[in-house]
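S.K.: Sequence and predicted structure are below.
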Amino acid sequence: MAIKRPKGTEDLLPDGSPKLTLDVSAQAHARLIDTARRVLERAGAMRLDTPLFEEAELVQRGVGGSTDIVRKEMFTVYYFGDHGGYILRPEGTAGIVRAYLQNGLKQLPTPLKLWLTGPMFRAERQQRGRLRQFHQVDYEAIGSTDPLVDAEAIALMVEVVQALGLRGVRVKLGSIGDPEDREAYNAYLRQTFTPHIDRLSDDSRDRLERNPMRILDSKSEGDQVLMAELGVRPMLEFLGDEARAHFTAVQNHLKAWNVEYDLDPSIVRGLDYYRRTAWELHHEGVGAKSALGGGGRYDGLAEVLGGPAVPGIGWAFGVERLLLALEAEGHTVPANEGPLLYVAALDEEHVAHAATVAMQARAVARAEFAYRALKPAAAFRDAERRNARLVALIGSEEVADGTLSVKNLHTGTQTTVRVADLNALLAAQPDATPTPDQENA
Ligand code: HAM
């Protein structure tokens, strides 16, 4: 049997693939990332990249030993003669903070805004929108505790969503307080749940020991019923004065900018490094249990990784989940543009000349050519299949004159063009596909 890709992974497919959907379109992925890049770079974020695998300890300490990610979902990397001390990164933040510390990025202006995109790896059970290799767009602002930085981060996340044309997104915003607030809350939760430990699911019994707050995030219906019966108080009621003032300031900034959000008094995030502001973005089309993205403040993370105290805040989107949400709102795979020019030779001896003409045309536009001689009707058919706009035919007469016979498939007009004038003609076409140089200009 032919070998298949591993469970929980996807191939990102080229345009025109049969059964192409938005979430696996390579072009849709690239466009989405480009839209996010534009929004983030306008706000001063700079791109960085970190390795796809890191020291296991970075993730164990950074993401935290009580999380599902570290306990159940890590991909360990083995190579010949090695002890398996590396893992594929499950998220971007721990690696970014490591890179910040290791490369002296503290020297750069504060807050330092960074963004990253790439694959992340978590050995989860596969479901719609839940993959083992998925992609994130990640934003971090490092070096400041100012609530203005929190509000800006949230506003930027909403701006990316708007730039993508997504409408039905809700921000669920909360605060998980400072470590001492969380300790008090966890003590309260232990006290509340311990008399009813028999009714908790196995997972939650485990959480009661390690990290009681995670019980609130339980997917077990029995747990949810119990919590409702007990009238469990939310984290927000346990905030200390400083965390409360910080949270109020964040909200005031968001209100001033008309950034809409729903207060979520008992938000729980699946990573241990968070403190104070925490939020998630949700969308109906992707399901209530699956956030489009999430983020929060992580002022203690740098120290946990062995560095000096450096505050930070950030967020990450799941690219596949954003695409599923766009699909649920009726967005489809963008149509393939096709080449502006398709060049075909009418005789075998001129095929190489046709190739030369097409390759020279690529200085100004997307151009393709036929690899063997074609009759005019076959050349037009081939050009139409490729969605080309102009077809240039080359026969003995054209070669002798230094010309091409060019037909515009959109208008049906046919003209003779000197090879020397071709690029000027192409450059003057409306909406000529920009070359990489022009795009970067
Ligand atoms: P996270 O909530 O674990 O946060 O992941 C962020 C987003 O990545 C999720 O909301 C979801 O869209 C996507 N995602 C996570 N797991 C999967 C999966 N198995 N399949 C598909 N998509 C997935 C973080 O990763 C933090 N590093 C965010 C952050 C940055 N906090 C501060 N800075």
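M.R.: On my side now, so go ahead.
S.K.: Count the neighbours of G168 for me.
M.R.: 13 (other C-beta atoms under 10 Å). Quick note: C-beta positions are derived from backbone N, CA and C, even for glycine.
S.K.: ranges for the helices of the stretch 101-250 of the chain?
M.R.: Along the stretch 101-250 of the chain, the segments classed as helices by DSSP state H, counting those that start in this stretch run 147-164, 179-193, 202-210, 221-230, 241-256.
S.K.: Would you mind putting the ones you listed into CSV with mean pLDDT and distance to A30 alongside?
M.R.: Output for the helices of the stretch 101-250 of the chain, formatted as CSV (pLDDT from 0 to 100; distance: least, C-beta to C-beta, whole Å):
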stretch, mean pLDDT, distance to A30
helix 147-164, 98, 13
helix 179-193, 93, 40
helix 202-210, 89, 38
helix 221-230, 91, 40
helix 241-256, 98, 31
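S.K.: Indicate which one of the ones you listed is closest to the ligand.
M.R.: Closest to the ligand of those, according to C-beta to the nearest ligand atom: helix 147-164, at 8.5 Å.
S.K.: Mind giving me the packing neighbours of the closest one?
M.R.: helix 26-42, strand 133-142, strand 169-175, helix 241-256, strand 275-283, strand 293-297, strand 312-318, helix 319-328 (3 or more C-beta pairs under 8 Å, 6 or more residues apart in numbering; DSSP states H and E).
S.K.: Give the partner strands of the second one in its sheet and their orientations.
M.R.: Think strand 133-142. Sheet pairing for strand 133-142, assigned by DSSP bridges, gives strand 112-121 (antiparallel), strand 312-318 (antiparallel).
S.K.: Need the winner for burial among those strands.
M.R.: strand 312-318 (a mean of 26; mean count of other C-beta atoms under 10 Å).
S.K.: Figure out which of the helices and strands packed on helix 147-164 is closest to the ligand.
M.R.: Once the helices and strands packed on helix 147-164 are compared by C-beta to the nearest ligand atom, strand 312-318 is nearest, at 2.4 Å.
S.K.: so that closest one versus helix 319-328, what angle?
M.R.: 50 degrees (axes from the mean of the first three to the mean of the last three C-alpha atoms, to 10 degrees).
S.K.: what's strand 312-318 in contact with?
M.R.: 36, 91-93, 96-97, 129, 134-143, 149-150, 153-154, 157, 160, 277, 279, 281, 291-299, 301-302 (C-beta atoms under 8 Å, 6 or more residues apart in numbering).
S.K.: quick revisit: CSV please, covering the strands paired with strand 133-142 and showing distance to G306.
M.R.: CSV is the format used below for these (distance: least, C-beta to C-beta, whole Å):
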stretch, distance to G306
strand 112-121, 19
strand 312-318, 15
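S.K.: Let's have those in CSV, adding mean pLDDT and distance to the ligand.
M.R.: Below are the strands paired with strand 133-142 laid out as CSV (pLDDT from 0 to 100; distance: least, C-beta to the nearest ligand atom, whole Å):
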stretch, mean pLDDT, distance to the ligand
strand 112-121, 98, 7
strand 312-318, 98, 2
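S.K.: Which one of those lies nearest to E337?
M.R.: strand 112-121 (23.2 Å; C-beta to C-beta).
S.K.: Which parts of the protein belong to which domain?
M.R.: The record's domain parsing of the chain by automatic domain parsing lists 22-177+239-328, 341-440.
S.K.: from the chain's centre, how far out does the first one sit?
M.R.: Computed by C-alpha atoms, centre = their mean, to the nearest Å, the separation of domain 22-177+239-328 from the middle of its chain amounts to 10 Å.
S.K.: quick one: contacts for G168?
M.R.: G168 touches 283-285, 325, 329, counting by C-beta under 8 Å, 6+ apart.
S.K.: got it, and K255?
M.R.: With C-beta under 8 Å, 6+ apart, K255 has no contacts at all.
S.K.: about what we covered before: could I get the contacts of G168 as TSV with distance to the ligand, pLDDT and neighbour count?
M.R.: Listed next are these as TSV, based on distance: C-beta to the nearest ligand atom, whole Å; pLDDT from 0 to 100; neighbours: other C-beta atoms under 10 Å:
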residue	distance to the ligand	pLDDT	neighbour count
H283	10	94	24
E284	15	86	12
G285	13	84	17
A325	10	96	28
E329	16	95	16
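S.K.: Contact partners for L48?
M.R.: 96, 99, 114-116 are the contacts of L48 under C-beta under 8 Å, 6+ apart.
S.K.: Pick out the most distant pair among the residues you listed.
M.R.: Largest pairwise distance in those, by C-beta to C-beta, is 12.8 Å, between A99 and W115.
S.K.: circling back: which of the helices of the stretch 101-250 of the chain sits most buried?
M.R.: For the helices of the stretch 101-250 of the chain, the highest mean count by mean count of other C-beta under 10 Å goes to helix 147-164, at a mean of 21.
S.K.: Quickly find the element holding the closest residue to T413 other than its chain neighbours.
M.R.: The shortest distance from T413 to any non-neighbouring residue, by C-beta to C-beta, 6 or more residues apart in numbering, is to K407 (7.3 Å). Using DSSP states H and E, K407 falls within strand 403-408.
S.K.: next one: the helix or strand following that strand to chain centre, how far?
M.R.: Using DSSP H and E, the helix or strand that follows strand 403-408 in sequence is strand 414-418. How far strand 414-418 lies from its chain's middle: 46 Å, per C-alpha atoms, centre = their mean.
S.K.: Tabulate the CA atom coordinates of strand 414-418 in PDB.
M.R.: What follows is strand 414-418, C-alpha atoms only, in PDB (Å, rounded to 0.1, in the frame of the first residue of the first chain):
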ATOM      1  CA  GLN A 414      -4.800  39.400 -32.600                       C
ATOM      2  CA  THR A 415      -1.700  41.500 -33.300                       C
ATOM      3  CA  THR A 416       1.900  41.200 -34.500                       C
ATOM      4  CA  VAL A 417       4.400  42.400 -31.900                       C
ATOM      5  CA  ARG A 418       8.100  42.800 -32.200                       C
END
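S.K.: Can you list the buried residues in it?
M.R.: V417 (16 or more other C-beta atoms under 10 Å).
S.K.: what's the answer for stretch 375-389, then?
M.R.: Buried, per 16+ other C-beta under 10 Å, within stretch 375-389: 379-380, 382-383, 388-389.
S.K.: hmm, back to that, could you dump the helices and strands packed on helix 147-164 to JSON lines with distance to Y78?
M.R.: Listed next are the helices and strands packed on helix 147-164 as JSON lines, based on distance: least, C-beta to C-beta, whole Å:
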{"stretch": "helix 26-42", "distance to Y78": "29"}
{"stretch": "strand 133-142", "distance to Y78": "18"}
{"stretch": "strand 169-175", "distance to Y78": "39"}
{"stretch": "helix 241-256", "distance to Y78": "42"}
{"stretch": "strand 275-283", "distance to Y78": "34"}
{"stretch": "strand 293-297", "distance to Y78": "31"}
{"stretch": "strand 312-318", "distance to Y78": "27"}
{"stretch": "helix 319-328", "distance to Y78": "27"}
